[in-house]
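# heads up, no residue letters with this:
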């Protein structure tokens, strides 16, 4: 991006924020001290989001319903992460553009933080080979074909149970909300993503609700994935991910001070839902855990 174009974006952004502050002050929705901290931090430490943009472009990875994150990152390159989250919360609407690759995105309101975020691990996988066992174990894809990256039969049972759990008819009865956007970890491209367990776990619910499974960033890019979810505009979000990467993913969700989120998701737990409920006053989330108890053998404990 040229220096002139970047300057133009910065000026537009500053004008938008100034208008927002004036309007919010006049309506009494923020106080003067809050208005003073709603400024842009032009420092950009090494390793920031903009520094990662170049490597992302070099990879050139494309996933199903992929966000055009370069638009978002260039518009926020001179901002700190905390400022970006505040902007996403209603100050800088429309900073994110999206590209639909054969799948229409769910309707959303840009600039609105999700009120509720659910994070789950994918359904059960085939057992790892025993020590000394050379044969690879397999799951099955949606067509019943063997695939080492797919769900086990019990995993497909979990997928079906989640479809019922989050349905509009049942979710309110157990204190949950029906998702308005679905997200799953992405691998290489759309066709590869669809034979992996996170996508398959949400497949039944996707078909039931008529929502696409979005994959805005590749596995291993958890910070970018979290940013895309927060900027997506859906009121209620369900994310399905690999368990050992979930802690890194949720670190991108701003939580209230003093929140203790487990640093490790145990290998043997498939039956827990992590919930993040937005506190509108602070634009931060309250963390909780819900035992799924969907299948025989699931426990009533949390992580």
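It's in. Just so we're clear, the structure is a prediction, and the values are computed from it rather than from any experiment. Residues are numbered from 1 along each chain as shown.
# what about the protein, any weak spots by pLDDT?
The chain contains residues with pLDDT under 70 at 1-111, 134-135.
# please enumerate the helices of it.
With DSSP state H as the criterion, the chain has helices at 3-27, 32-37, 49-59, 69-75, 81-86, 153-165, 190-193, 197-209, 222-231, 246-250.
# now stretch 237-245: buried residues?
237, 238, 239, 240, 241, 242, 243, 245 (16 or more other CB atoms under 10 Å). The way it works is simple: take the backbone N, C-alpha and C, and place the C-beta from them, glycine included.
# going by distance to residue 169, which of these wins?
Checking those against residue 169 with CB to CB, the nearest one is residue 238 at 16.5 Å.
# surely the closest one touches residue 171?
No - Residue 238 is beyond contact range of residue 171, at 10.4 Å (criterion: CB atoms under 8 Å).
# residue 270 contacts residue 157, correct?
No - the criterion here is CB under 8 Å, and residue 270 misses it with residue 157 at 10.7 Å.
# shared neighbours of these two, anything?
Common contacts of residue 270 and residue 157 (CB atoms under 8 Å, 6 or more residues apart in numbering): residue 123.
# what about the two, which has more around it?
Between residue 270 and residue 157, counted using other CB atoms under 10 Å, residue 270 has the larger neighbour count: 23 against 16.
# can you name the residues that contact that one?
By CB under 8 Å, 6+ apart, the contact list for residue 270 reads 121, 122, 123, 124, 155, 158, 292, 298.
# count of residues packed around residue 200?
28.
# check residue 256 too.
Residue 256 has 12 neighbouring residues, counting by other CB under 10 Å.
# that one contacts residue 285, doesn't it?
Yes - if you go by CB under 8 Å, residue 256 and residue 285 touch, sitting 6.9 Å apart.
# what do the two both touch?
residue 279.
# residues in contact with the residue nearest to residue 227 when sequence neighbours are not counted?
In space, and not counting its chain neighbours, residue 227 is closest to residue 252: 6.3 Å by CB to CB, 6 or more residues apart in numbering. Taking CB under 8 Å, 6+ apart, we find residue 252 in contact with 222, 223, 225, 226, 227, 230.
# any of the residues you listed buried? List them.
Buried, going by 16+ other CB under 10 Å: 222, 225, 226, 227, 230, out of the contacts of residue 252.
# what about the closest residue in space to the second one that isn't next to it in sequence, how many residues nearby?
Spatially, and ignoring its direct neighbours in sequence, residue 225 is nearest to residue 217 (4.1 Å; CB to CB, 6+ apart). The burial metric for residue 217, expressed as a neighbour count using other CB under 10 Å, is 24.
# got it, and residue 179?
Residue 179 is flanked by 25 other residues according to other CB under 10 Å.
# so what's it up against?
Taking CB under 8 Å, 6+ apart as the test, what residue 179 contacts is 118, 166, 205, 209, 211, 234, 236, 237, 238.
# most surrounded residue in those residues?
The residue in those with the most neighbours, by other CB under 10 Å, is residue 238 (29 neighbours).
# quick check: bridge partners of that one?
Beta-bridge partners for residue 238, by DSSP bridges, are residue 118, residue 182.
# returning to that earlier point: only whichever of the contacts of residue 270 are buried, select them in ChimeraX.
In ChimeraX syntax, the buried subset of the contacts of residue 270 is picked out as below (16+ other CB under 10 Å):
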select :121,122,123,124,155,158,292,298
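# many thanks, have a good one.
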